[in-house]
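S.K.: structure for the following, please:
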Amino acid sequence: MEVHSFFLNLLLILLTARIFAELATRLQTPSVIGELLAGVVLGPSLLGWVEPLEAIRMLAEIGIILLLFEVGLGTDVRRLVSSGRKSIIVALSGFLLPLLFGFFLAYAGFGLSPLVALFVGGTLTATSIGITVRVLADLKRQHSTEGQIVLGAAVLDDVMGVILLALLYEFSVGGGVSLMNVGKVMIFIAAFFVLAPIAAKLISLVINHFDDVSAIPGLIPTTIVSLVLFFAWLAYAIGAPELLGGFAAGLALSRRFFLPFGIALRTNAEFAEKIESQMRPIIQLFTPIFFVMVGLSLNLHQIDWQSSFIWMFSLFLLLVAVLGKLIGVLFIKEPWAVRWMIGIAMVPRGEVGLIFAELGRISGVFSNEVYAAMVIVIALTTLLPPLVMKLFYSVYGQQMPS
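M.R.: Predicted coordinates for the structure are as follows:
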């Protein structure tokens, strides 16, 4: 592609993503749905104006890494510790049940290979903490009983999801499931999560010092993006996906992070706030490119819509995706209204589910039909729960403790 054509494509992606995200938000739906639709409209499914070329794909990769950095940056490990047993029960059941249900549905029900079935189950484990937090905040319920349990569970769900993502990446690269590869990846991940936060904390102290004496603006975003990219390269070097590096860097730099084993490196809350505020425009620039790329990669014309497979597969996956999150609330002791609210709040897949699905696509594990079904299910489980949550609170809000 010539340079001027690339500029035009990038212009179309950024502006269309913004317009569709604004429309989605005004329609009381998550902005990620608008960005996904922007890719469908611009791509081969509809207008065919933009192709998923390698240059755009590289920008999308940066978007994924920065998105995981933002997830790590917003992860509150103290909340996970303080939220207690109920959050752990909700997180574990909401992680394991969709994984198992999705795997057996794809493998035994639809005859897909074990690796494809594992990717399907892995995609269904996701919970979008960003969408859930936004809805709870809109309803002023983020500090309620169900809000605290959901946020604690979503934190643990994110951590387990990133680890599972690393394992699935290894399986896709290695060509199959191997216990030896599982052990190797788990050892690498454990070492990475122990050493990377310490290194990131020390580096952040150096960045903070030089930011105070720098004669020109922009030191923090430049050095933090460099740190994230270095961690992404390091993660790849040890056999894990680059995404893990972005998540670890964000987790370590979070003002709510504390190091294990009694290691104390003081967190400068003011510096952490600077990182969040100065990195936000960069993250908001690159992450929409990833979601548009998901839509661009989906060619709806190549899918046999007359086939019963995609409709039956999507329907059963949707049932599994919802039930897998709802069943876990049966194991905690709370009023039934609170339990159902927790279950509904754990359903949205959002950006996290799309990351899993995209990994399955680019690694060649998902066929076009399976990938389309996954995107449909992710879109529905992202779009519907916020609407159900708001309706639920309007009907049962008076019965729920504050």
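
S.K.: can you report how many residues neighbour residue 313?
M.R.: 24 (other C-beta atoms under 10 Å). Quick note: C-beta positions are derived from backbone N, CA and C, even for glycine.

S.K.: so after the strand or helix carrying it, what's the next helix or strand?
M.R.: Assigning secondary structure by DSSP states H and E places residue 313 in helix 308-326. Later in the chain than helix 308-326, the nearest helix or strand by DSSP H and E is helix 336-345.

S.K.: what angle do that following helix and helix 308-326 make?
M.R.: Here helix 336-345 points in a direction 140 degrees away from that of helix 308-326 (axes from the mean of the first three to the mean of the last three C-alpha atoms, to 10 degrees).

S.K.: show residues contacting helix 336-345.
M.R.: 90, 132, 135-136, 145-146, 149-150, 153, 325-330, 332, 334, 385, 388-389, 392-393, 396, 399-401 (C-beta atoms under 8 Å, 6 or more residues apart in numbering).

S.K.: I'd like the next helix or strand past that helix.
M.R.: Following helix 336-345 toward the C-terminus (DSSP H and E): helix 350-362.

S.K.: tell me the helices and strands packed up against that next one.
M.R.: helix 31-42, helix 54-73, helix 114-124, helix 129-138, helix 145-174, helix 269-296, helix 368-396 (3 or more C-beta pairs under 8 Å, 6 or more residues apart in numbering; DSSP states H and E).

S.K.: which elements pack onto the third one?
M.R.: Packed against helix 114-124 by the contact rule (3+ C-beta pairs under 8 Å, 6+ apart) you find helix 85-104, helix 145-174, helix 308-326, helix 350-362, helix 368-396.

S.K.: tabulate those helices (CSV), appending mean pLDDT and distance to residue 29.
M.R.: Conversion of those to CSV gives the following (pLDDT from 0 to 100; distance: least, C-beta to C-beta, whole Å):
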stretch, mean pLDDT, distance to residue 29
helix 85-104, 89, 22
helix 145-174, 75, 19
helix 308-326, 90, 17
helix 350-362, 79, 11
helix 368-396, 83, 6
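
S.K.: just those helices: most buried one?
M.R.: Ranked by mean neighbour count under mean count of other C-beta atoms under 10 Å, those are led by helix 350-362, which reaches a mean of 24.

S.K.: with only the CA atoms kept, save it in CSV.
M.R.: Extracted in CSV, the C-alpha atoms of helix 350-362 (Å, rounded to 0.1, in the frame of the first residue of the first chain):
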residue,chain,number,x,y,z
GLY,A,350,-16.7,-7.0,25.7
GLU,A,351,-13.1,-6.2,24.8
VAL,A,352,-11.7,-9.2,26.8
GLY,A,353,-13.8,-11.7,24.8
LEU,A,354,-12.8,-10.1,21.5
ILE,A,355,-9.1,-10.4,22.4
PHE,A,356,-9.6,-14.2,22.9
ALA,A,357,-11.5,-14.5,19.7
GLU,A,358,-9.0,-12.5,17.7
LEU,A,359,-6.2,-14.7,19.0
GLY,A,360,-8.1,-17.7,17.8
ARG,A,361,-8.5,-16.2,14.4
ILE,A,362,-5.0,-14.9,13.8
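
S.K.: nearest spatial neighbour of residue 371, skipping sequence neighbours?
M.R.: In this structure, residue 371 finds its nearest non-sequential neighbour in residue 361, 4.8 Å apart by C-beta to C-beta, 6 or more residues apart in numbering.

S.K.: pretty sure the one you found is touching residue 297, no?
M.R.: Yes - Residue 361 is within contact range of residue 297, at 6.1 Å (criterion: C-beta atoms under 8 Å).
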